[in-house]
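K.L.:
quick one, what's the 3D model for this:
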Amino acid sequence: MAVELNHTIVNVRDKAESSRFLAEILGLDDPVVFGPFLVVEVSNNVSLDFADDHGAVRPQHYAFLVSEAEFDDIFGRLQERGLDYWADPGRRRLGEINTNDDGRGVYWEGPSGHFLEIITRPYGSGS
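P.N.:
I've put the predicted structure just below:
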C-alpha cells in the first residue's frame, strides 16, 4: 500500500471562522462536522480537521497546489477581501506574488495566524 496523507488537525481559536475562511478563499465545499471537528476536504482526499484550541495557537504553514485558473480565482478572492499577501515566507515582499519554478505562488495569513500558501508548480519542478 502506498502511504498517503489522509488528514491533519488544525488547531485554531475559532474552528467555524477558520474553516469557513479557508473553504471560501480556496473555493471548496463548506466545512462538515465530524465529531469535535469542522472538516475541509481538498481534491486529493486529504482533509484539514479544524479544532478549537483553548490556549495559544502555534501558527503552522499549509501550502496548496492549484491550477493556473484556480490561482486566479483564489488570488482574486484574497484581493476582494483586502487581505495582505506576500511573495515570500519571510514576509519581505508585501503585495507581490512569486514566479518560482516557472509558476506562481503567494502567501497570506488565516484568522488564527496560520500561514497559508498557494502554488501552481511543485517546488523544484521548474527550469
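K.L.:
what about the helices in this structure?
P.N.:
Along the chain, counting by DSSP state H, helices occupy 15-26, 68-80.
K.L.:
so the shortest one versus helix 68-80, what angle?
P.N.:
Put simply, helix 15-26 runs at 120 degrees to helix 68-80, going by axes from the mean of the first three to the mean of the last three CA atoms, to 10 degrees.
K.L.:
going forward, begin numbering at 541 instead of 1
P.N.:
Renumbered: residue one is now 541, and that last one reads helix 555-566.
K.L.:
mind giving me the packing neighbours of helix 555-566?
P.N.:
Contacts defined by 3 or more CB pairs under 8 Å, 6 or more residues apart in numbering; DSSP states H and E place helix 555-566 against strand 547-552, strand 577-581, strand 587-592, helix 608-620, strand 655-659. To be clear about C-beta, it is placed using only N, CA and C from the backbone, and glycine gets the same treatment.
K.L.:
the ones you listed: which one's closest to Pro629?
P.N.:
Evaluated with CB to CB, those place strand 655-659 nearest to Pro629, the distance being 7.0 Å.
K.L.:
now for that closest one, which elements pack on it?
P.N.:
Partner elements for strand 655-659 (3+ CB pairs under 8 Å, 6+ apart): helix 555-566, strand 601-605, helix 608-620, strand 645-649.
K.L.:
now these as JSON lines including mean neighbour count and distance to Gly575?
P.N.:
JSON lines is the format used below for the helices and strands packed on strand 655-659 (neighbours: other CB atoms under 10 Å; distance: least, CB to CB, whole Å):
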{"stretch": "helix 555-566", "mean neighbour count": "20", "distance to Gly575": "12"}
{"stretch": "strand 601-605", "mean neighbour count": "16", "distance to Gly575": "21"}
{"stretch": "helix 608-620", "mean neighbour count": "14", "distance to Gly575": "29"}
{"stretch": "strand 645-649", "mean neighbour count": "20", "distance to Gly575": "27"}
